[in-house]
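Enquirer: just coords:
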């Protein structure tokens, strides 16, 4: 029972860290641009700075959680991030947004990022894909709900009121439950993980012996570096797509969408985000990470192509399908990391992948905004999205040509 309580708290953390701070940022782009009379590139720089300092913060996470229990570290970080969000509501210039981006970026990695997959892998020795999918889905659900709610509040009141509401939600979702229930390992609570054994123990090794073709070679370390580099390339390509989610409200305005309000495209995207994470997360436990990843990248490429067609209905469908990019980033990359690295090296590899993800977000948030300012329309950028999906698929093939079917330490089902 307790592993599922921990999982619920992980879902709340993902909902606050990724769902509100990352996935709902795009809702504020247009009103803040109008309020501060700035360009898309300038407001996008907030996301760039945020992600740069997430990279910096990630470097210290593993060290901190070795010395400080996460039941203390997470609530403290949640309080800081929430209060920084409150301060945004009273900002009078973009410089204040940039300062908050530094603070939030450094501390948000303690309520999301590598902590979530580390906790899930420790607490779930079976159904790991489903559990990771559920935590990732929470970010999509939170983004869908809060994207719509915050958009409505902006319309009815102002973006400042909407930011205050988002700050209260962050505080509520990240502080109380973490203080009461969170633990990095089942041993801290005197429990056993779901599945009955702890990954990395002799019992787990025996239970999983021979499961997952090619994993014996991975555990001996042969070619591990090639696999990690390949995952970094995959997560970089996926990040190029994921950061584009923030552009949906502006894309809706540029495309003249009338079927729904342009801001609702972001909520539609989050619904797709949520559905793919739960459905495809569980799919990993049955067909493996390789096939799930390739199918996801195919859907992502199709969604990018659909966004260029200009039809209202097709754009809405594409926004829904485009939600699969966050699933690739938050679920598939950690699962692929399990398939290419030894158990004891997983936290380090996960940290490298997370830094690559955040650094990519930082770069692409500004680059995509600058390219849109330069070109004035979305088609070339969407063509680059398709190219990124193709490149990512090539490197998924490279990973599993060396490491087998991709069922990981847990042995799939």
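Expert: It's in. Predicted, not measured: the structure shown is a model, and the values here were computed from it. Numbers count the residues shown, from 1 in each chain.
Enquirer: Just the pLDDT for residue 310.
Expert: According to the prediction, residue 310 has pLDDT 68.
Enquirer: try residue 201
Expert: Residue 201 is given a pLDDT of 40.
Enquirer: go on, residue 35?
Expert: Looking at residue 35, its pLDDT is 88.
Enquirer: repeat for the one 4 residues further on
Expert: Listed pLDDT for residue 39 reads 82.
Enquirer: can you check the one 4 residues further on too?
Expert: For residue 43, the pLDDT comes out at 84.
Enquirer: Residue 332: how many residues sit nearby?
Expert: The tally of other residues near residue 332 (other Cβ atoms under 10 Å) stands at 31. Where you see a C-beta, it was placed from the backbone N, CA and C, and this is true even at glycine.
Enquirer: And the one 5 residues further on, by the same measure?
Expert: Other residues near residue 337 come to 28 when the count uses other Cβ under 10 Å.
Enquirer: Going forward, count from 888.
Expert: I'll keep to 888 as the first residue from here, and by that count the last item is residue 1224.
Enquirer: Could you measure from it over to residue 999?
Expert: Between residue 1224 and residue 999 the distance, using Cβ to Cβ, to the nearest Å, works out to 16 Å.
Enquirer: Check the offset of stretch 893-911 from the chain's centre.
Expert: For stretch 893-911, the distance from its own C-alpha centre to the chain's C-alpha centre is 9 Å (Cα atoms, centre = their mean, to the nearest Å).
Enquirer: Now do residue 1274 against residue 1075, distance only.
Expert: With distances taken as Cβ to Cβ, residue 1274 is found 45 Å from residue 1075.
Enquirer: swap that for residue 926, please
Expert: With the distance defined as Cβ to Cβ, residue 926 ends up 48 Å from residue 1075.
Enquirer: can you list the weak-confidence ranges in the stretch 1088-1237 of the chain?
Expert: Scanning the stretch 1088-1237 of the chain for pLDDT under 70 picks out 1088-1111, 1143-1150, 1197.
Enquirer: Helices of that one, residue ranges please.
Expert: Using DSSP state H, counting those that start in this stretch, the helices found in the stretch 1088-1237 of the chain span residues 1089-1094, 1102-1106, 1111-1129, 1135-1142, 1151-1193, 1199-1208, 1211-1214, 1220-1227, 1233-1262.
Enquirer: Could you check the angle the last one makes with helix 1135-1142?
Expert: When you say that, I think you mean helix 1233-1262. Orientation of helix 1233-1262 against helix 1135-1142 (axes from the mean of the first three to the mean of the last three Cα atoms, to 10 degrees) gives an angle of 30 degrees.
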